[in-house]
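the following comprises the amino acid sequence and a computationally predicted model.
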Amino acid sequence: MDKGRFLVETHLRTGRPIGELAAAHGVHRSWLYKRLARYRREGEAGLELRSRSPKSTPTKYSADIEDAVVRLRKELVDLGMDAGAATIQFHLAKEIDSVPSVPTIWRMLKARGFVTPQPHKRPRSSWVRFEADVPNECWQADVTHVVVANDMVFEVLNMIDDHSRLCVASRAFVSTRSPDVVRSLHGAASQWGYPQSFLTDNGAIFTASKVKGLGAMEAELLSLGITSKHGKPYHPQTQGKIERFHQTLKKFLDQQDPATSKKQLQRQLDFFVEYYNGTRPHRALNRRTPLEAFSAREKAGPTGPKIDANGYRIRHDKVDISGCVTVRHRGKLHHIGLGRPYSGWRVIMLINGLDIRILGLDGSPLRHLTLDATKDYQPQA
């Protein structure tokens, strides 16, 4: 029922004051006076409901600008890149002076049927975030699988700078090995410099903490003075930036012709890295490109001690309350005494058979011994 029509007719029929009717029915009396004035001016037609939308929109953007927004949307989608309203605004600013706001571009896309509103997700304010303060303070690295033509699968090793999100390396391999990671690190460092720390998951190509071996990557990082960091098992959120980078890369590759060889896939990766670093605006960087963010500040570098770990298996341990660390040899645990003053210290153990070196995190030597496999406890010298 049209409440305005009903109240106006009640006023005319009964003579009850407009103010009394408005108070009784919870409406404003000025609204009723307007309806009554329209009735007296136009008759019965004045009581019909009318649209409240404006007859003209002086601030509405022209159809040419809407067409430019749609064109950019299609180009970015076809390229496999981010095509949100903020990214379109960034690119549109290079073409015209009066750029629509992000909400306006979003409404244009919605009106043309390019986007569908989604329910609100978890608020960003609830996320626990961390970000390196300067470039090269921390690099993140991880391997992802890419399916190409004829269902062939290649592994892609990606490395990005935590502060600027700059992709410092993206290399395709049939099967990634530790020496491949080492070579990729040196190749990236030749262009961007060595990082202060290196964050990865617990994959065997990054750490030998769970498997027997020499740990080529960790040994190389120690020799360069780069701090090696690893996320908790089954917690990829620690390496969230590189995990998100994988999604962006795969979205691009899905829009390309499937590669028929590793060389062709590498050419696609090289094109993507160049576009991602220098052209694509990044939301987390206030719509700057990763290259702009990387170039804006002074760079960090390795600050740790340079430890020659060639030929040794590397283990990180903590000295227990009695001043000992433990090592397993042929299935049997052996306790190595360091002294109670070192209780709680984090140490690095370099193990090569029975030859064991124990160092502090600053590289200072704490003990060097040849393990006596016949004794459970190795007393201090």
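Arrived safely.

name the SS class of the residue lying closest to Y312 once chain neighbours are set aside, please.
Distances taken as Cβ to Cβ, 6 or more residues apart in numbering place L350 nearest to Y312, at 3.7 Å, with adjacent residues excluded. Heads up, the C-betas are built off the backbone N, CA and C, glycines and all. Three-state assignment for L350 (DSSP: H, G, I helix; E, B strand; the rest coil): strand.

quick one: contacts for L350?
I307, A309, Y312, R313, I314, R315, I356, R357, I358, L359 (Cβ atoms under 8 Å, 6 or more residues apart in numbering).

output these as JSON lines; include the columns distance to L21, secondary structure and pLDDT.
JSON lines is the format used below for those (distance: Cβ to Cβ, whole Å; DSSP: H, G, I helix; E, B strand; the rest coil; pLDDT from 0 to 100):
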{"residue": "I307", "distance to L21": "89", "secondary structure": "coil", "pLDDT": "85"}
{"residue": "A309", "distance to L21": "89", "secondary structure": "coil", "pLDDT": "78"}
{"residue": "Y312", "distance to L21": "92", "secondary structure": "coil", "pLDDT": "81"}
{"residue": "R313", "distance to L21": "90", "secondary structure": "strand", "pLDDT": "80"}
{"residue": "I314", "distance to L21": "86", "secondary structure": "strand", "pLDDT": "81"}
{"residue": "R315", "distance to L21": "86", "secondary structure": "strand", "pLDDT": "82"}
{"residue": "I356", "distance to L21": "95", "secondary structure": "strand", "pLDDT": "93"}
{"residue": "R357", "distance to L21": "94", "secondary structure": "strand", "pLDDT": "91"}
{"residue": "I358", "distance to L21": "91", "secondary structure": "strand", "pLDDT": "93"}
{"residue": "L359", "distance to L21": "89", "secondary structure": "strand", "pLDDT": "90"}
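
which one of those is nearest K375?
Closest to K375 out of the contacts of L350 is I356 (13.4 Å), distances taken as Cβ to Cβ.

can you give me the helices for the stretch 101-250 of the chain?
With DSSP state H, counting those that start in this stretch as the criterion, the stretch 101-250 of the chain has helices at 102-111, 178-192, 216-224, 240-254.

how near is the closest residue in space to T303 that isn't next to it in sequence to I160?
Distance criterion Cβ to Cβ, 6+ apart; nearest residue to T303, sequence neighbours excluded, is Q196 at 5.8 Å. According to Cβ to Cβ, to the nearest Å, Q196 and I160 sit 15 Å apart.

more neighbours: which of these two?
I160 (26 against 21; other Cβ atoms under 10 Å).

name whatever forms a beta bridge with that one.
I160 has these beta-bridge partners by DSSP bridges: Q140, C167.

which residues touch the residue nearest the centre of the chain?
Nearest to the geometric centre of the chain sits K241, at 3.0 Å (Cα atoms, centre = their mean). K241 makes contacts with Q140, I160, D162, R165, as judged by Cβ under 8 Å, 6+ apart.

what does the model give it for pLDDT?
pLDDT recorded at K241 is 95.

what about it, distance to F198?
14 Å.

ok, back up a step: comparing the helices of the stretch 101-250 of the chain, which comes out most buried?
helix 216-224 (a mean of 22; mean count of other Cβ atoms under 10 Å).

output that helix as PDB, nothing but the C-alphas.
The C-alpha coordinates for helix 216-224 follow below in PDB (Å, rounded to 0.1, in the frame of the first residue of the first chain):
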ATOM      1  CA  ALA A 216      74.000 -28.000  -0.500                       C
ATOM      2  CA  MET A 217      71.700 -24.900  -0.200                       C
ATOM      3  CA  GLU A 218      72.200 -24.400   3.500                       C
ATOM      4  CA  ALA A 219      75.900 -24.900   3.100                       C
ATOM      5  CA  GLU A 220      76.000 -22.300   0.400                       C
ATOM      6  CA  LEU A 221      74.000 -19.800   2.400                       C
ATOM      7  CA  LEU A 222      76.300 -20.300   5.400                       C
ATOM      8  CA  SER A 223      79.400 -19.700   3.200                       C
ATOM      9  CA  LEU A 224      77.800 -16.400   1.900                       C
END
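
for that helix, packing partners?
helix 178-192, strand 227-230, strand 313-318 (3 or more Cβ pairs under 8 Å, 6 or more residues apart in numbering; DSSP states H and E).

again, 6 Å this time
Judged by 3 or more Cβ pairs under 6 Å, 6 or more residues apart in numbering; DSSP states H and E, helix 216-224 is in contact with helix 178-192.
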